[in-house]
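Asks: this is the structure alone, sequence omitted:
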C-alpha cells in the first residue's frame, strides 16, 4: 500500500485526543488544579498544586484528571472569564472580582435599651470606610439613614421599643452589595451599687452593675461615667451620694456618708487629766461621757480653742473604762479611755 494511503488510513482509524490549552509563558511554574469526583456522599472537590514545565508557551487545562485553576481563585481556567485574579480576591462563578467590604467596615450597636412599655431604645451605625456612600434601611422605621461625609459616616435610630430589628446597609455606588444585621433592644439590667468606704483615706469606691452610663451625684457635683468601678474623694462631714441612669426602671441608689475629722485623746490610760485634739475647722463640739453600763455622766457643748485642744479631768471618776463621744459639723468619733 502506498505510504500516503497508509498514513491516511491510520489517521482515520486511530482515536483522536484533543487537549485544551491556555497560553502562558514557558518555563517551570506552580499551578493549582481542581478535580471534582462523584461519591456516595455527593460531589467531592479535591485541590492539588503541581510543578509543571511549560513547553512552547501552552499550559494544558486538564492534567491527570485535574482541571487547572491558574490563578487559584476557585474557578477552573475552562470557565474563568477573568484570568490572573490577584490572590485573596473574592470572585463570582465566572472568576471575576466581586465588590466586597472588610467585615469590620460597619459598627452597629445598641446605645440605649428601653423600659417595658416605653420607647427609649437607640441603635447606632457607623462606617469606617470613607470611600463610598451608604444607605441604611431599618425595620420598625420608615426613615432611612445616609452615611456620607455630610453625616460624618454615622447615624442612629431613636425612640425604639424592646424587640428585635433588622438593619441592612447598601453601597450607593454598588447597589448589588448589601449587608444586614440583627439587632436587639432589650429591657435594661437593674442598677446595683456597692459602696466601699475607706474613711482613713477619705474616699469611697463604687462598684456599678446594670446598663450605663451612670450618673453620680456626690455633694451636688454631677459625674457621668461608663466605668464599672470608680473611686471618689469624700469631704469632711456629711457626704450625700446618689447614683442613677437615664432609665427610671433601672432604679436608683442613695447613701449618706459621714467623714469625721481626726480626734486624738492623750494620755490613755490616764490617772485623771486628758487632752482631746479635734481636727478640722469646727468651732464647737458636743462631748458626752458614758460608763460601760451606758449611764450618761457628762453632756456639754464646748467651744474649741484656737489650738484645737480641749482638756477634761476624770480624777473624780472611779477607775474603769469610759466612752467618749465627740460630735460636731465635721466630727463624729467614739473613743475608749481607761481611768487608772
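Replies: The structure has been received and is ready for your questions. Bear in mind that the values here come from a model prediction, so they are computed numbers and not experimental data.

Asks: quick one: the strands in the stretch 1-150 of the chain?
Replies: 21-23, 27-39, 42-54, 58-60, 62-63, 66-69, 106-112, 121-127, 134-138, 145-147 (DSSP state E, counting those that start in this stretch).

Asks: which strands or helices does the strand or helix carrying residue 208 pack on?
Replies: Secondary-structure element containing residue 208, defined by DSSP states H and E: strand 203-209. Using 3 or more CB pairs under 8 Å, 6 or more residues apart in numbering; DSSP states H and E as the contact test, the elements touching strand 203-209 are strand 192-198, strand 229-233, strand 237-244. To be clear about C-beta, it is placed using only N, CA and C from the backbone, and glycine gets the same treatment.

Asks: now that strand: mean pLDDT?
Replies: Confidence for strand 203-209, expressed as mean pLDDT, is 95.

Asks: could you tell me whether residue 249 really is in a helix?
Replies: Yes: per DSSP: H, G, I helix; E, B strand; the rest coil, residue 249 lies within a helix segment.

Asks: what's the closest non-adjacent residue to it?
Replies: With CB to CB, 6 or more residues apart in numbering as the criterion, residue 249 has its nearest non-adjacent residue at 3.7 Å, and that residue is residue 115.

Asks: test my guess that the one you found contacts residue 251.
Replies: No: distance between residue 115 and residue 251: 11.1 Å, which falls outside the contact criterion (CB atoms under 8 Å).

Asks: thinking again about what came up before, just say which of the helices and strands packed on strand 203-209 is most tucked in.
Replies: strand 237-244 (a mean of 17; mean count of other CB atoms under 10 Å).

Asks: tell me the angle of that one relative to strand 203-209?
Replies: Using axes from the mean of the first three to the mean of the last three CA atoms, to 10 degrees, one finds that strand 237-244 and strand 203-209 are set 10 degrees apart in direction.

Asks: which residues does strand 237-244 contact?
Replies: Residues from elsewhere that reach strand 237-244, judged by CB atoms under 8 Å, 6 or more residues apart in numbering: 191, 193, 195, 204, 206, 208, 214-220, 232, 250, 252-259, 329-330.

Asks: show me how to select, in ChimeraX, the buried members of those residues.
Replies: For anyone working in ChimeraX, the buried entries among the contacts of strand 237-244, judged by 16 or more other CB atoms under 10 Å, can be selected with:
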select :191,193,204,206,208,214,216,218,232,250,253,257,259,330
